[in-house]
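Student: the following comprises the amino acid sequence and a computationally predicted model.
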Amino acid sequence: EGCPPNAILFSFGDNDTYPLWYAQEVEGIRTDVRVINTSLLGIDWYINQLRYKVNASPAIDVIWNASQIEGRKRDYIFYQPQAQFPENRYYDLYDMMKNWSGSDDQNKMVDRGGDFYNTYPVKKVSVPVDANMVRKNGTVNANDSVISVLNFDIPKNALMKNDLAILNILAANKWQRPICFTMSYGELGFQNYLRRNGLVYSLVPIANNSGTNTDEMYNLVTNKDKWAYGNANIPGVYFDEENRRHLDDIREADADVAFNLAIQNKNTEAIKVL
């Protein structure tokens, strides 16, 4: 419910994925959102499923075709600097993934023990921002200061197939759909552009990112049709360790928005959330 309409939502394991799939497939909740389990995203058949419409969610462009990811192809690619790409500037992510890392040219590969692996020549990458699009589709708020290009540094020297799939989707999406995560995901370098809304973190190309979408999150957590606690408010209901851990995530999200409201001197709203 914290996702903008038609969002892509990356999840990170069984416990935060299967409840979402249940909510969609059984309860019919937010079938416009495409849930992508990154634990499966390193497998070619799962990436290929993204090429098709599911429920109310259109197909997703993953840049590479099925043969380019088949089997162990691109299970790993390695950082290999190139003289023609100076390291003091940023390079278009889509172009790099499609025309360099996606190339079958051995001159763009590295030989490791007789096996040739694809490479990426730069760590500084950029994604141009369509300001009109991100305002129209709910990625950003009306008062956000939208930047013209999202620049970030990939912190890794090797990328696994699920990393590559995330980067490909981010680049090929071209801001047509909001992109969200179920955690504050920092492994690929764009964590400074994530903003919390409820239990999701939206990728926002803005200069004034406070880290929490306070007003929208307040509207979400106080709407009992969207933000509910099951039987957690009933004394005597037993929750095992795993359930308590997830309830703590919800409590922490509530505390986060209450803290931000208090900073804005909205004490009445903060107390209501708590």
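Tutor: Perfect, I can see it now. Residues are numbered from 1 along each chain as shown.
Student: now do the same for the residue lying farthest from the centre of the chain: helix, strand or coil?
Tutor: Largest separation from the mean C-alpha position in the chain: Gly236, at 36.9 Å (C-alpha atoms, centre = their mean). Following DSSP: H, G, I helix; E, B strand; the rest coil, the label given to Gly236 is coil.
Student: repeat that for Val35.
Tutor: strand.
Student: the longest helix anywhere in the chain: which residues count as buried?
Tutor: Using DSSP state H, we find that the single longest helix of the chain is helix 241-263. Using 16 or more other C-beta atoms under 10 Å as the test for burial, helix 241-263 gives Ile250, Ala253, Asp254, Asp256, Val257, Ala258, Asn260, Leu261. C-betas here are computed from N, CA, C, even on glycine.
Student: which one of the residues you listed sits closest to Cys180?
Tutor: Ala253 (14.0 Å; C-beta to C-beta).
Student: with adjacent residues omitted, what lies nearest to the closest one?
Tutor: Spatially, and ignoring its direct neighbours in sequence, Ala253 is nearest to Leu199 (5.8 Å; C-beta to C-beta, 6 or more residues apart in numbering).
Student: just the endpoints, please. Distance across stretch 118-125?
Tutor: 17 Å (C-alpha to C-alpha, to the nearest Å).
Student: residues contacting that stretch, please?
Tutor: Applying C-beta atoms under 8 Å, 6 or more residues apart in numbering, the contact partners of stretch 118-125 are 74, 77-82, 85, 87, 89-93, 96-97, 100-103, 108-110, 151-155, 159, 167, 189.
Student: now do stretch 20-30
Tutor: Contacts for stretch 20-30 (C-beta under 8 Å, 6+ apart): Glu1, Cys3, Leu9, Ser11, Thr31, Val33, Val35, Asn55.
Student: next: stretch 71-90.
Tutor: 42, 44, 64, 67-68, 91, 101, 110, 112, 117-126, 149, 151, 154, 156-161, 164.
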